[in-house]
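A.B. asks: okay, here's the prediction I keep looking at, along with the sequence it came from:
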Amino acid sequence: MPQPLVIANWKMNPQTLTEAKQIFVGIKNAAKKHPSVSVVLAPPAIYLTELMKSAGGAVSLAAQNTHSEPLGSFTGEISPTMISALGAKYIIVGHSERRMIGESNGDVAKKIMATLKARLTPIVCIGESARDSQGNFFTFIETQVETAFEIVPRTRFKDIVIAYEPIWAIGTGATATVEDVKEMQLFILKILTKHFGRTAAEQVTIIYGGSVKPDNAAKLYEAGGMSGFLVGGASLKVTDFATIIVATAN
Ligand code: PEP
């Protein structure tokens, strides 16, 4: 079993650095009690420098997005090089909330490569907006996975996390069932194997995200077959997030 990975995505919250520090301390204390779990926190980029001062050890930091170029005239953007220089270890790439504002599969592929070049781990978000009875959403997921990975050397697959996040489950309270999650874990492994070979496929870490809460985390983790969670809403409440960490600890 790979080490469980639990990632907090704070999105555009909280509103002040003071609050961010308070939640961070709570998460760090919870993470310290469960060294078997790899805990990662993705705060708004503006808090990274300050939180980095007490990160490391129990909690690693992530950026929520990056530009695909290392430097240049891109007003408002930040580069993987900058994120790496701060000491963060991960970057969320292709979150559905970014795809919704125009990020394409091609953009996501470039960001994955840029993240790997900066020696950081991309957390690549994929997921369908709705499910249909014909199973067309499987084709949609296959295209997302194939385009994300086709330019990545197979030797780097071990450095990539896929977060399967069905859009219909993000922030809605409508979690995928354990059966849905297990089926998708097997499907992602199958398509990675089909396109890139079993050895490379088995190196990729696959986690689930979408309304993971204290009351569903243990069941999803035990039977869903995924290596951990990407958590939005519940990651802003220390006790909720701590319970989710516990659910994956062995
Ligand atoms: C997310 O934003 O990646 C997410 C999974 O959010 P939530 O847990 O709130 O559904």
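C.D. replies: That came in fine, so what should we check first?

A.B. asks: show the pLDDT at Thr18.
C.D. replies: Thr18 carries a pLDDT value of 97.

A.B. asks: wasn't it part of a strand?
C.D. replies: No: counting by DSSP: H, G, I helix; E, B strand; the rest coil, one finds Thr18 to be helix, located in no strand.

A.B. asks: that one: neighbouring residues, count only.
C.D. replies: Number of residues near Thr18 (other Cβ atoms under 10 Å) recorded here: 8. In this view, the C-beta of every residue, glycine as well, is placed from N, C-alpha and C.

A.B. asks: for Lys117, see how far away it is.
C.D. replies: Using Cβ to Cβ, to the nearest Å, one gets 35 Å for the distance from Thr18 to Lys117.

A.B. asks: swap in Thr175?
C.D. replies: Using Cβ to Cβ, Thr175 is found at 35 Å from Lys117.

A.B. asks: which of the two has more neighbours?
C.D. replies: Under the neighbour definition other Cβ under 10 Å, Thr175 and Lys117 were set side by side, and Thr175 has more, 21 against 14.

A.B. asks: the more buried one and the ligand, how far apart?
C.D. replies: Per Cβ to the nearest ligand atom, to the nearest Å, Thr175 is found 8 Å from the ligand.

A.B. asks: just checking, that residue touches Ala169?
C.D. replies: Yes: with contacts counted by Cβ atoms under 8 Å, Thr175 reaches Ala169, the gap being 5.6 Å.

A.B. asks: wait, Leu77 touches His67, no?
C.D. replies: Actually, residue 77 is Glu. It isn't Leu. Yes: between Glu77 and His67 there is a contact under Cβ under 8 Å: 4.0 Å.

A.B. asks: neighbour count: those two, which is higher?
C.D. replies: When Glu77 is set against His67 and neighbours are counted by other Cβ under 10 Å, the residue ahead is His67, at 20 against 14.

A.B. asks: which of the three states applies to that one?
C.D. replies: Following three-state DSSP, His67 is assigned to coil.

A.B. asks: pick out the residue of this protein closest to the ligand.
C.D. replies: Taking Cβ to the nearest ligand atom as the measure, the chain has Gly232 as its residue closest to the ligand, at 2.1 Å.

A.B. asks: my read: that residue touches Phe241, true?
C.D. replies: No: here Gly232 does not reach Phe241: they are 10.6 Å apart, not a contact under Cβ under 8 Å.

A.B. asks: okay, these two: which has more neighbours?
C.D. replies: Of the pair Gly232 and Phe241, Phe241 is the one with more neighbours under other Cβ under 10 Å, namely 27 against 22.

A.B. asks: list the contacts of the lengthiest helix in the chain.
C.D. replies: In the chain, assigned by DSSP state H, the helix with the most residues is helix 178-196. For helix 178-196, the external contacting residues (Cβ atoms under 8 Å, 6 or more residues apart in numbering) are 138, 141-142, 145-146, 149-150, 154, 157, 162, 164, 166, 176, 200-202, 204, 206, 208, 219-220, 223-226.
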